[in-house]
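S.K.: pasting a predicted model and its sequence here:
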Amino acid sequence: MLKTFLFAGSALSALVSAAPAFAQSAEPVAVEAGDGDQGDIIVVTARRRSEEVQDVPISISVVDAKAIEQTGAYNLSRLTQLQPTVQFFSSNPRNTAVNIRGIGAPFGLTNDGIEQGVGFYIDQVYYNRIASTTLDFNDVERVEVLRGPQGTLYGKNTTAGAINITTRKPSFEPEGKTEITVGNLGFKQAKASISGPLAENVAARFAVTSTTRNGTIRNVAKDALVNSQDNLGLRAQFLWKASDTLDLTLTGDYNVQDPKCCVQIYVRTGATQRPLNRQFAALSAAFNYAPPSTNPFDRVTDLDADLRARNEHGGVSLVAEKELGNGTLTSVTAWRYWDWRPRNDRDFTGLPITTKSNNPTRQKQYTQEFRYAQSGEKIDFVAGVFAFHQKIHTTGVQEQGSAASRWLINPTNALANDPSVLNGLTANNDIRLSNTSLAGFGQLSWKVMDSFTIQPGLRVNYDKKVGSYSSVVRDGAGNLLLFSTPGARATQQRGVLAPQFFEPRFSDWNVSYDLTASYDFARDIHGYATYAKTFKSGGVNLNGVPSDAAGNPLLAAATVRPEKVDHFEIGLKTQFLDRRATLNLSGFWTDIKDFQANVTNGQLGVLRGYLANAQKVRVRGIEADFSLRPSERFSVYANGAFTDHEYRKFTDAPCPPELSGGTTVTAGQTPSAPGTAGGLSPANCDISGQWLPGVSKWAFSYGAEYNVPTELLGQEGAAYLGFDGNYRSKFSSNASRSAYTDIHGYSIANFRLGFRTEKGWDVFGWVRNAFDANYFEQLAVPSGNTGLIVGQPGDPRTWGVTFKAAF
């Protein structure tokens, strides 16, 4: 019987249901492959017992190392092309959002004072900073995507789901792997790992990954390619089998990205309710300025500020697993740090409007988890405690340039023609956060009868956040700007950069619980139903908040309430054709009260983003995962998701750009039609019934692979042809849906052709986005509401060759 890791004989059976292995142990998920008369039986040993994955009543998708390597999904952004239910958006590593089923993180600029709704774990360690999701995978064994609320089994509480990455473990048998890829756009990637014994009971594993690629956007102002890739990852693990019942695994890692990045380029303009002389066309004409191209797929820009996106992560963890009684006691201790050093151009033009807009950040986090899991004939359970502490310090700067006065001050004001009013105006921001979370959790499985199991879970959580926000503003001459500073110049300066100081605090207890009932209708037909009541921790605003007329921050906006989630789900897991085919179906309905959303404040003519609560949100949908391997020669998969998503009630939301920028309406007045220049704008908008941002109603991934036995250069093996594709329907790319920021649906096709041997050699050529589809990953509305829309075009067609070897 042949044993391989996940999807033996087919890298394309990329999505299946699996148990949450990271919830209880680091043991690998294995596949028992049949003798050709039946399909693969996937057996998980994560709960210290063997159980077929189809028996486990959890909605989860798994992508194994072979599928990751064959499809070129070397980071989470690329992995989403295989996962229809996962959404990934990133304008730079700090401003990254990962959602599952459309929920998880607010859409827009990152706010340090809020939690993620999607947990991110590597080898059981919780990674709090979402920037870590932009790193390359390093020596990964599998990636698991759990859909729906998590928290009664492990780690940090999450309301949307979790992404868990398990790396390969140290081996007592010498082994190694290497992979080299070269492609167009100067793409070069190298990966290597080696493992073996250091002593009779000590083994080690070392891994490295490096990726470089030229940028896909040409900056004509600097004659440079930007949005490049420059990634390095190092990882070391040591396994000590201290006794027959105790294993200790020490892991250290270092990761750094330092590309010329990150650029969003001109896409279009749209009419706002600002006077015409304050919209993009008139403002550009005043400088005799035009973008280098109005076609974003020419992929050119003329940004005048320096660019950088240095993203450094590292840490150390110790995992101890002790067989104790009839179960296993696990301890996970970890320390991690994050160092973010950016340089941005936030006016998105070649004009010196905003010459600096940078928020360098340093973070340290500490986590400790103790967990005990036990299995019995009728009862299985897991219980544990989790502690998390984080310190964040951000030292931001924003500086205006010589074009700022004419661009940002009303042209009817004489000061608009005086560059010295805003030139050199600088805000230095000091932002700090102390974040502590403590929890106790547990889950029990009671087999009422052979075919019927009830599984309740409980979590008690305490969260405390203490923050501070200080923005000190000085004019170009170095004079301190206060709200009490008199004069017309000071008034205009405060309209662009206003001083502010406040110290928000939040603390709260909450209780989450869930209940799952599962029933085995037949050997290969399993159903389940789940209800979960859970919470996402409240937060503090650390991007600044609105002020009153005297300049005092509105402290009511300094904190956001916890999200309250009611989640319902049913699922059916089936196999047929002698287990050669798998079809899993799930339906879910999630209601959220006090949904945490990014909003903008048009006060003083500047759009400032901060967090607030939307009253009600609903997300519901149906998901299907299908895979078929009729023979060892051919495999096919198709996965789809229908997601219905909307703000059920959000009556005081930010208005889209076509309804913003005019004179604020007063009692008895009627707002002007969208895009009416110099019109009357509502103070806020009721967007109840509108889409959530970033979510497609329809999303699919699909693929196939065919192989034939052959011989090449005296080596026996198989030649193969593979295809992977994905499709997303239209989605909104703005917090409040706008006619200017809907992204049209698109599909991507990827192909590969290669030869592999049973000895571990593999060489293949590949092409991604084979038909060179033009599409956007994200669109955005810059501050100021001039009507400018910027965006990030997706990668053009890329191609290359990959060589892999294992020993």
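M.R.: Here it is on my side, so go on. Numbers count the residues shown, from 1 in each chain.
S.K.: and the residue positioned nearest the centre of the chain, helix, strand or coil?
M.R.: When CA atoms, centre = their mean is applied to the chain, the residue found nearest the centroid is V98 (2.4 Å). Three-state call for V98 (DSSP: H, G, I helix; E, B strand; the rest coil): strand.
S.K.: beta-bridge partners for it, please?
M.R.: F88 (DSSP bridges).
S.K.: what's near enough to touch it?
M.R.: Neighbour list for V98: 76, 86-88, 104-105, 116, 118, 120, 130, 133, 163 [criterion: CB atoms under 8 Å, 6 or more residues apart in numbering]. All C-beta spots, glycine's among them, are computed from the backbone N, C-alpha and C.
S.K.: which of those sits closest to N410?
M.R.: N410 lies nearest to A105 out of the contacts of V98, by CB to CB, at 35.7 Å.
S.K.: and which of the contacts of V98 is nearest to G714?
M.R.: Distances from G714 to the contacts of V98, taken by CB to CB, are shortest for L76, at 39.6 Å.
S.K.: how close does that closest one sit to Y528?
M.R.: 27 Å (CB to CB, to the nearest Å).
S.K.: same thing with R213?
M.R.: Counting by CB to CB, the gap from R213 to Y528 is 43 Å.
S.K.: what's the helix or strand for R78?
M.R.: helix 76-79 (DSSP states H and E).
S.K.: buried ones in that helix?
M.R.: Judged by neighbour count (16 or more other CB atoms under 10 Å), helix 76-79 contains these buried residues: 76-79.
S.K.: report the beta-bridge partners for the closest residue to D566 other than its chain neighbours.
M.R.: Spatial nearest neighbour of D566, chain neighbours left out: D591 (4.7 Å); criterion: CB to CB, 6 or more residues apart in numbering. D591 has the following beta-bridge partners by DSSP bridges: D566, R618.
S.K.: burial measure for D591, as a count.
M.R.: 16 (other CB atoms under 10 Å).
S.K.: confirm for me that it is in contact with K533.
M.R.: No - contact criterion CB atoms under 8 Å: D591 and K533 do not qualify, at 10.5 Å.
S.K.: common neighbours of the two, please.
M.R.: Common neighbours of D591 and K533, using CB under 8 Å, 6+ apart, are 565-567.
S.K.: tell me the spacing between the residue lying closest to R505 once chain neighbours are set aside and P499.
M.R.: Distances taken as CB to CB, 6+ apart place V466 nearest to R505, at 5.3 Å, with adjacent residues excluded. For V466, the distance to P499 equals 22 Å [CB to CB].
S.K.: go on, G215?
M.R.: Look at G215 and P499: by CB to CB, they are 37 Å apart.
S.K.: now swap in Y513 and tell me
M.R.: Y513 is 45 Å from P499, by CB to CB.
S.K.: more crowded one of those two?
M.R.: Counted by other CB under 10 Å, Y513 and P499 do not tie: P499 has more neighbours, with 19 against 16.
S.K.: quick check, S284 in a helix?
M.R.: Yes - secondary structure of S284 (three-state DSSP): part of a helix.
S.K.: what is the burial count for it?
M.R.: 18.
S.K.: go on, I265?
M.R.: Applying other CB under 10 Å, we find 24 residues neighbouring I265.
S.K.: tell me who's in contact with it.
M.R.: Here I265 is in contact with 217, 296, 299-301, 348, 790-793 (CB under 8 Å, 6+ apart).
S.K.: quick check: bridge partners of it?
M.R.: For I265, the beta-bridge partners are G791 (DSSP bridges).
S.K.: distance of it from F776?
M.R.: For I265, the distance to F776 - CB to CB - is 10 Å.
S.K.: name the residues contacting each of those two.
M.R.: 296, 791-793.
S.K.: which one of those residues is nearest to I379?
M.R.: Q792 (51.0 Å).
S.K.: hang on, isn't the closest one packed against S733?
M.R.: No - Q792 is beyond contact range of S733, at 9.8 Å (criterion: CB under 8 Å).
S.K.: intersection of neighbour lists for the two?
M.R.: Counting by CB under 8 Å, 6+ apart, the residues touching both Q792 and S733 are 776, 778.
S.K.: sort out which of the shared contacts of D591 and K533 are buried, if you could.
M.R.: Among these, the ones that count as buried by 16+ other CB under 10 Å are 565, 567.
S.K.: show me where this protein has helices.
M.R.: In the chain, the helices defined using DSSP state H lie at 65-71, 76-79, 280-286, 404-408, 488-494.
S.K.: can you redo the ones you listed as TSV with mean pLDDT and distance to N785?
M.R.: Shown next, in TSV, are those (pLDDT from 0 to 100; distance: least, CB to CB, whole Å):
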stretch	mean pLDDT	distance to N785
helix 65-71	87	41
helix 76-79	89	29
helix 280-286	97	10
helix 404-408	96	11
helix 488-494	95	17
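S.K.: figure out which of the ones you listed is closest to F441.
M.R.: Comparing those by CB to CB, helix 76-79 comes nearest, at 25.6 Å.
S.K.: list the contacts for the nearest residue to K730 once chain neighbours are set aside?
M.R.: Spatial nearest neighbour of K730, chain neighbours left out: G745 (5.0 Å); criterion: CB to CB, 6+ apart. Applying CB under 8 Å, 6+ apart to G745 gives the contacts 696, 698, 727-730.
S.K.: do A773 as well
M.R.: A773 makes contact with 746-749, 794 under the criterion CB under 8 Å, 6+ apart.
S.K.: for it, give its distance to N227.
M.R.: Distance from A773 to N227, by CB to CB: 18 Å.
S.K.: let me see the confidence value for R47.
M.R.: With respect to pLDDT, R47 scores 36.
S.K.: if Q715 is in a bridge, with which residues?
M.R.: Assigned bridge partners for Q715, using DSSP bridges, are L712.
S.K.: go on, E369?
M.R.: When assigned by DSSP bridges, E369 has beta-bridge partners V332, F386.
S.K.: what does A236 give?
M.R.: Bridge pairing for A236 - DSSP bridges - gives F206, G252.
S.K.: for T96, which non-adjacent residue is spatially closest?
M.R.: Per CB to CB, 6+ apart, closest to T96 is S90, 4.0 Å.
S.K.: could you count how many residues lie near the one you found?
M.R.: Quick note: S90 (other CB under 10 Å) scores 20 neighbours.
S.K.: among the contacts of G745, name the buried ones.
M.R.: Buried among those by 16+ other CB under 10 Å: 696, 698, 727-729.
S.K.: find the pair from those with maximum spatial separation.
M.R.: S696 and Y727 (8.7 Å).
S.K.: I'd like the mean pLDDT over stretch 319-328, please.
M.R.: The model assigns stretch 319-328 a mean pLDDT of 94.
S.K.: mind listing what's buried in it?
M.R.: For stretch 319-328, by 16+ other CB under 10 Å, it's 319-322, 327-328.
S.K.: with distance to A557 added, can I get those residues in TSV?
M.R.: Below are those laid out as TSV (distance: CB to CB, whole Å):
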residue	distance to A557
V319	41
A320	44
E321	46
K322	48
G327	48
T328	47
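S.K.: okay, and which of those map to strands?
M.R.: 319-322, 327-328 (DSSP state E).
S.K.: pick out the most distant pair among those residues.
M.R.: Pairwise over these, using CB to CB, the maximum falls at V319 and G327, 16.3 Å.
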